[in-house]
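Asker: One predicted model, sequence on top.
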Amino acid sequence: MDANGAENVIEVTDLWRRYGPDDKRGFAAVRGVTFSVPQGEIFALLGTNGAGKTSTVELLEGLARPTGGSIRLFGAHDPFTDRKHTRPRTGVMLQHGGFATDLTVDETVRMWASVTTDPRPVAEATEMVGLGHRGDVTVKSLSGGEKRRLDLAMATLGRPDLLFLDEPTTGMDPEGRHDTWRIIERLNDDGATIVLTTHYLEEAEGLADHLAIMHQGEIAASGTVPEIVAAHPSTLGFRLPPGLGTDDLPSAGDLRATVTAGKDGLMELSTDDLQHTTTEVLLWARHKGIDLKELDASSASLEEAFLRVARTATRGTE
Ligand SMILES: Nc1ncnc2c1ncn2[C@@H]1O[C@H](COP(=O)(O)OP(=O)(O)OP(=O)(O)O)[C@@H](O)[C@H]1O
């Protein structure tokens, strides 16, 4: 259960995945990760290249046995040892679908439907992803974005309770991405719990209830977007008139900010109290009769939070 009493569809505790020998000679791609996803949520897993997202999601999908820790899906089931319980309730959209390219879209969906319990009708599945008019086209003739739509149709064919989407909009044009986001929202409205891995921060920001940023095998930050962003400082930028510099500003202590001077009087103030810092700077400027150019106050964004995580210390040795 989560704090609001919803059932956790996913519970991951101290999860490890090591490639190679199961000792210090092996490479630990996932290092003690813990998180849970309540029923009906969209959870986004973000991270730098090689952060361990795919390694984690493959464990959730039951494709490999963890080196350590535990995963429970739907309350009680281990996705690796209890696959017969978890697989029928799970939909997976991998990064590369791997369909027979000589089959048409409809043939592909029909073939998949024949091995799926209670599948959606073929027409509904293809309509839902905007491929209704492409049923007679061979898979090899589809564009990259259309192939991703077909991947999504397949992943959702069995009306899964839990859906894993691995970079679902990679290769799509902006319209395709927006269409896909609407489809994901509709699936979630219909009750599916969704785990999304993506490199598009705006995709995570727009869709996810909660997100986790992985870095070097660990979860470096997690929470809602406002929670993650709140942990990072805001910035106030402006350009001082010629002849003025950092020494002319109020003290860093009075400003409650760290001041960084750039070229030609450009100032960047990093602060956890943007209102205070901005007020102090504006009062100072008015008192001195100084005209500040290029004034820009901005709260931290998810992108800044992400970049800070990515720039943190490199992995230590075990
Ligand atoms: N089969 C394997 N054998 C050895 N190392 C592996 C194997 N698969 C992945 N790795 C390593 O594990 C680390 C995590 O890889 P993973 O694919 O999980 O990262 P990711 O976060 O999904 O990255 P990306 O965003 O680039 O897809 C990487 O350093 C990768 O090289």
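Answerer: Here it is on my side, so go on. Numbering: from 1, shown residues only.
Asker: helices or strands next to the helix or strand of the chain with the lowest mean pLDDT in the packing?
Answerer: Ranked by mean pLDDT, DSSP states H and E, the helix or strand of the chain with the weakest confidence is helix 302-310, at a mean of 85. Where contact means 3 or more Cβ pairs under 8 Å, 6 or more residues apart in numbering; DSSP states H and E, helix 302-310 is packed against helix 201-207, strand 210-215, strand 218-223, helix 225-230. (Glycine included, C-beta is placed from N, CA and C.)
Asker: Now render those as JSON lines, adding distance to residue 282.
Answerer: Shown next, in JSON lines, are these (distance: least, Cβ to Cβ, whole Å):
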{"stretch": "helix 201-207", "distance to residue 282": "30"}
{"stretch": "strand 210-215", "distance to residue 282": "34"}
{"stretch": "strand 218-223", "distance to residue 282": "32"}
{"stretch": "helix 225-230", "distance to residue 282": "23"}
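Asker: Single out the most deeply packed of the ones you listed.
Answerer: Mean neighbour count (mean count of other Cβ atoms under 10 Å) peaks for strand 210-215 among the helices and strands packed on helix 302-310, with a mean of 24.
Asker: roughly how far out does that strand sit from the chain middle?
Answerer: 6 Å (Cα atoms, centre = their mean, to the nearest Å).
Asker: Need the residues that contact that strand.
Answerer: Here strand 210-215 makes contact (Cβ atoms under 8 Å, 6 or more residues apart in numbering) with 33, 35, 37, 41, 43-48, 51-53, 56, 204, 219-225, 228, 305-306, 309-310, 312.
Asker: can you check stretch 52-59 too?
Answerer: 12, 15, 17, 29-31, 33, 45-47, 64-66, 71, 79-80, 95, 164, 166, 195, 197, 214, 216-218.
Asker: One more pass at 7 Å, please.
Answerer: Contacts with stretch 52-59, where a contact means Cβ atoms under 7 Å, 6 or more residues apart in numbering, come from 15, 17, 29-30, 33, 45, 47, 64, 66, 71, 164, 166, 195, 197, 214, 217.
Asker: which residues does the closest residue to the ligand within the stretch 201-318 of the chain form a beta bridge with?
Answerer: Closest residue of the stretch 201-318 of the chain to the ligand, Cβ to the nearest ligand atom: residue 214 (6.3 Å). Taking DSSP bridges, one obtains residue 47, residue 219 as the residues bridged to residue 214.
Asker: Now do it, the pLDDT please.
Answerer: On the pLDDT scale, residue 214 is placed at 94.
Asker: do residue 26 as well
Answerer: pLDDT recorded at residue 26 is 84.
Asker: circling back: for the residue of the stretch 201-318 of the chain closest to the ligand, give its distance to residue 198.
Answerer: Distance, residue 214 to residue 198, by Cβ to Cβ, to the nearest Å: 12 Å.
Asker: Leaving out chain neighbours, which residue sits closest to residue 46?
Answerer: Distance criterion Cβ to Cβ, 6 or more residues apart in numbering; nearest residue to residue 46, sequence neighbours excluded, is residue 213 at 4.8 Å.
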